[in-house]
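Engineer: With the input below, show me the fold.
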Amino acid sequence: SLIGQTYTTLKSSTEFMQKFVTSLCLATIPGVQEWKMDSAMRLAEARAELREVQQQLEDAAGFDDDDDEKSPEEVELAEREAQLMGTISNQGSPADFVW
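Structural biologist: Residues are numbered from 1 along each chain as shown. So this is what the prediction gives:
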């Protein structure tokens with residue numbers, strides 16, 4: 001069908017243009033490449049640390065018999081978990097980053 005052929009062409013053209021514009025921006029705008037690399041590094045570090053924090057939270061919850069109150073360590077870990085999730089949801093950009 002003509003619609004299916006047109007959609008496939010448009011989709012591949014759109015994907016190409018997105019990659020082309022991204023590459024062009026990275027190559028021509030000063031600081032963008034470094035910002036992108038820094039964001040990727042922060043994202044990877046946040047994911048790794050989040051796994052560690054979640055494991056520590058599980059371990060702390062396993063030793064705690066009183067479910068009503070959390071220990072100061074659990075509160076601190078939960079806050080750090082929220083910070084890391086924010087970093088991950090921002091794709092590695094700082095939470096206060098504004099374009």
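
Engineer: C-alpha only now, for contacts and for neighbours.
Structural biologist: Fine.

Engineer: so residue 62, which of the three states?
Structural biologist: What DSSP: H, G, I helix; E, B strand; the rest coil gives for residue 62 is helix.

Engineer: And it, how close does it get to residue 81?
Structural biologist: As judged by C-alpha to C-alpha, to the nearest Å, residue 62 and residue 81 stand 18 Å apart.

Engineer: Name the nearest residue to the spatially most central residue of the chain, sequence neighbours excluded.
Structural biologist: In the chain, the C-alpha nearest the mean C-alpha coordinate belongs to residue 88, at 2.6 Å (C-alpha atoms, centre = their mean). Closest residue to residue 88 apart from its sequence neighbours, by C-alpha to C-alpha, 6 or more residues apart in numbering: residue 43 at 5.8 Å.

Engineer: I'd assumed residue 92 was in contact with that neighbour.
Structural biologist: Yes - under the criterion of C-alpha atoms under 8 Å, residue 43 makes contact with residue 92 at 4.2 Å.

Engineer: Looking at stretch 12-19 now, give me its mean pLDDT.
Structural biologist: Across stretch 12-19, pLDDT averages out at 88.

Engineer: Next: stretch 88-99.
Structural biologist: Here stretch 88-99 scores 80 as its mean pLDDT.

Engineer: what's the answer for stretch 37-57, then?
Structural biologist: Confidence over stretch 37-57, taken as the mean pLDDT, stands at 94.

Engineer: Can you give me the buried ones in stretch 11-27?
Structural biologist: residue 26 (16 or more other C-alpha atoms under 10 Å).

Engineer: follow-up on the earlier one: what residues are up against the residue nearest to the centre of the chain?
Structural biologist: Residues near residue 88 by C-alpha atoms under 8 Å, 6 or more residues apart in numbering: 43, 46-47.
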